[in-house]
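Colleague: below: sequence and its predicted model.
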Amino acid sequence: GDSVTQMEGPVTLSEEAFLTINCTYTATGYPSLFWYVQYPGEGLQLLLKATKADDKGSNKGFEATYRKETTSFHLEKGSVQVSDSAVYFCALINTNAGKSTFGDGTTLTVKP
Amino acid sequence: DTGVSQDPRHKITKRGQNVTFRCDPISEHNRLYWYRQTLGQGPEFLTYFQNEAQLEKSRLLSDRFSAERPKGSFSTLEIQRTEQGDSAMYLCASSRDGGSYNSPLHFGNGTRLTVT
């Protein structure tokens, strides 16, 4: 079946540091890939998405590129802020099925 | 867009009791999903509806679990004879049917169930 593997956390960075959170996936067919973010006390919300190979999703300074050859969708941000502290979830939707499959989440803490 | 609404936010029940949760999706979304999340894990798929039709159920969904979406709008998730292992956050999400499965999910804030 489909699966998503995220780098284990927690991740602690200083403000303005570079962020990478690794995500790899296993799926049949051609999935669409997503990053969701969950801020403290809030529900999950979409951060960015990419629907086909080599697409780059971006939002709020975050970027991720759909790499079919390495089955990866790593999340990056050049300069993190304290307000980026949250749990980040990588997910896929397989075009052959309706459900989304999520990774276990990576907790990011950014210190001033 | 008023967002996905879930009720109640918290539920504490004794083992063996039945519980029912409600989800109101975003009004123009015809797909509705239920997920379960435990501490340190990502959301696990339980079931989903397209309009009023339940199209897929996870093997996680034992016979004690039942979900309905009678008029293709709100949905209910019932757990009968609750067990301590049912303690989790139950998440509802909805999405728009754009002719494909590329649409992102819009999540509610969840119902936290504690079984004592």
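Modeller: Arrived safely.
Colleague: residue 61 - nearest residue in space that isn't next to it in sequence?
Modeller: If you meant another chain, say so; for now it's chain A. Distance criterion CB to CB, 6 or more residues apart in numbering or on different chains; nearest residue to A:Gly61, sequence neighbours excluded, is A:Lys77 at 5.3 Å. C-beta: built from backbone N, CA, C; applies to glycine.
Colleague: wait, chain B was what I had in mind.
Modeller: Per CB to CB, 6+ apart, closest to B:Leu61 is B:Leu46, 5.3 Å.
Colleague: find me the pLDDT at the residue nearest to A:Gly61, would you?
Modeller: Looking at A:Lys77, its pLDDT stands at 98.
Colleague: contact residues of chain B facing chain A?
Modeller: Contact residues (CB under 8 Å from any CB of the partner chain) of chain B with chain A: B:4, B:31, B:33, B:35, B:40-45, B:48, B:50, B:55-56, B:58, B:91, B:93, B:100-102, B:104-110.
Colleague: contacts (any at all) between chain B and the helix or strand of chain A with the lowest mean pLDDT?
Modeller: One helix or strand of chain A scores below all others by mean pLDDT, DSSP states H and E: strand A:100-102, with a mean of 92. Yes: Strand A:100-102 comes into contact with chain B (CB under 8 Å from any CB), by way of A:Ser100, A:Thr101, A:Phe102.
Colleague: same check on stretch A:19-36?
Modeller: Yes: Stretch A:19-36 reaches chain B (CB under 8 Å from any CB) through A:Ser32, A:Phe34, A:Tyr36.
Colleague: I'd like the residues you listed written out as a markdown table, with secondary structure, neighbour count and pLDDT added.
Modeller: Formatted as a markdown table, the residues of stretch A:19-36 next to chain B follow (DSSP: H, G, I helix; E, B strand; the rest coil; neighbours: other CB atoms under 10 Å in any protein chain shown; pLDDT from 0 to 100):
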| residue | secondary structure | neighbour count | pLDDT |
| --- | --- | --- | --- |
| A:Ser32 | strand | 23 | 92 |
| A:Phe34 | strand | 26 | 96 |
| A:Tyr36 | strand | 27 | 97 |
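Colleague: and the residue of chain A nearest chain B?
Modeller: A:Phe102 (3.4 Å; CB to the nearest CB).
Colleague: ranges for the strands of chain A?
Modeller: Taking DSSP state E to define them, one finds strands in chain A at A:3-6, A:11-14, A:19-21, A:23-26, A:32-38, A:45-50, A:56-59, A:62-65, A:75-77, A:86-93, A:100-102, A:106-111.
Colleague: can you list the strands that the least confident helix or strand of chain A pairs with?
Modeller: strand A:86-93 (antiparallel) (DSSP bridges).
Colleague: tilt between the partner strand and strand A:106-111?
Modeller: 150 degrees (axes from the mean of the first three to the mean of the last three CA atoms, to 10 degrees).
Colleague: touching strand A:86-93 from outside, list them.
Modeller: A:2, A:4, A:6, A:21, A:23, A:25, A:27, A:31-40, A:44, A:47, A:73, A:75, A:99-108, B:42-43, B:101-102 (CB atoms under 8 Å, 6 or more residues apart in numbering or on different chains).
Colleague: mind saving the C-alpha coords of that strand as PDB?
Modeller: Output in PDB follows, covering the C-alpha atoms of strand A:86-93 (Å, rounded to 0.1, in the frame of the first residue of the first chain):
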ATOM      1  CA  ALA A  86       4.600  23.800  14.300                       C
ATOM      2  CA  VAL A  87       4.200  20.200  13.300                       C
ATOM      3  CA  TYR A  88       4.700  19.500   9.600                       C
ATOM      4  CA  PHE A  89       3.100  16.600   7.900                       C
ATOM      5  CA  CYS A  90       3.900  15.200   4.400                       C
ATOM      6  CA  ALA A  91       1.100  13.500   2.600                       C
ATOM      7  CA  LEU A  92       0.100  12.000  -0.700                       C
ATOM      8  CA  ILE A  93      -3.100  11.300  -2.600                       C
END
